[in-house]
Each structure stands twice: as structure tokens, then as C-alpha cells.
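Peer 1: When you get a sec, could you give me coordinates for this:
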Amino acid sequence: MQYANDFMFFIIKSLERNKQTYCSGVNITRFYPLTKGRHRLGQNPAVKGLQSLNHDIRAILIANNAIPETVKHLSCSSMIPLTNELWYTESFLIHNYEESIGDKILQKAPTELLRKMFKAMMLNEIVPDNLSAQEMQDYLYALIERLSKVNPY
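Peer 2: Below is the predicted model of the structure:
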């Protein structure tokens, strides 16, 4: 299961029965035109948003009797080819996984990531629900274009 575009990715991949790898990432380079000047030093909303979202996802897993496990050196680059741009990624294992949980996560994660980012940036934007990866990418490029005309930095 995966949701991926130029800006973000969320992947749940099977390792063995009832054990999955969860990887997520944000492309800091692609988000930069949207985030620049809208946060404090060292407080990138894309990074902070993904970190906060992953706590929410772990809570969803636990509420559904799945068990997230942090593992050192679990790389997402083997799951998705990352461009030479600057990416921030997070990953963990999931035990007692059911595919219905993954569907919920992949449907919710992209929209929630942007909501968290926009809140941190004090950006009053309504994020559309249930966009495909391509539709989300198109939305973000259009938003960057629109905001660069309104408030260029």
C-alpha cells in the first residue's frame, strides 16, 4: 500500500505475516516555497508535521490492537526511490497489522499532514479530503503558485 507524490509519501509494506514496515517522508525541497518565512528557525512545518502525524498514526495502530515498534536504521530508501532533493523520513515496524487499518492511515495521513503544517504556519487554508496522490500534488503546486503571487518572500 502506498501514497506517493513529489511532496510526500506514506508506504506500508509487508515483511512477513502480520508484520509490516511503515515509512513516511516529506520533501523539504518541494515544500520550501510554501514554508519559507512562515516558521521559526529550526521549526520546519513539514518536518514537525510529519513527526506529529506519526505519533497520531501510532495511536491509531494501538487503538486497533496493532503494535508499532521503533527500529534503528530502518531505511525508507529501499521502498521508494528518493530524489536528490532534501527529504525527511520516519519509519517503524507494525505488528498485528490488518489491512483495513492501513487503508484508514493512507486515506487520512496526507490531509492531516497538511492540516498540521498549515496550522503551524498560521496559514488559513482548507485542505481538501480524499485527494489521490496526483490530485494532492496538483493542489500543492497550485497553492504554491497562488501564495507566491500574494506574499512573495
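
Peer 1: Check which helices and strands the longest helix belonging to the chain sits against.
Peer 2: What stands out as the longest helix in the chain, according to DSSP state H, is helix 99-120. Contact partners of helix 99-120 among helices and strands, from 3 or more C-beta pairs under 8 Å, 6 or more residues apart in numbering; DSSP states H and E: strand 2-4, strand 8-16, strand 19-27, helix 45-63, helix 133-150. All C-beta spots, glycine's among them, are computed from the backbone N, C-alpha and C.

Peer 1: Ranking these by mean neighbour count, which comes first?
Peer 2: Compared across these, strand 19-27 shows the largest average neighbour count, a mean of 22 (mean count of other C-beta atoms under 10 Å).

Peer 1: So which bits of the helix or strand just after that strand are buried?
Peer 2: Once the chain leaves strand 19-27, the next helix or strand it forms, by DSSP states H and E, is helix 28-35. By neighbour count with 16 or more other C-beta atoms under 10 Å, helix 28-35 contains the buried residues 28, 30, 31, 33, 34, 35.

Peer 1: How about the contacts made by residue 106?
Peer 2: Neighbouring residues of residue 106 by C-beta atoms under 8 Å, 6 or more residues apart in numbering: 1, 2, 3, 10, 12.

Peer 1: Identify the farthest-apart pair in those.
Peer 2: 3 and 12 (9.5 Å; C-beta to C-beta).

Peer 1: Flag the shaky bits of the protein, pLDDT-wise.
Peer 2: The model of the chain has pLDDT under 70 over residues 37-42, 150-153.

Peer 1: ok, back up a step: any chance of a markdown table for the buried residues of helix 28-35, columns distance to residue 79?
Peer 2: Shown next, in a markdown table, are the buried residues of helix 28-35 (distance: C-beta to C-beta, whole Å):
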| residue | distance to residue 79 |
| --- | --- |
| 28 | 19 |
| 30 | 19 |
| 31 | 20 |
| 33 | 26 |
| 34 | 25 |
| 35 | 25 |
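
Peer 1: And those, which is closest to residue 135?
Peer 2: Distances from residue 135 to the buried residues of helix 28-35, taken by C-beta to C-beta, are shortest for residue 30, at 15.8 Å.
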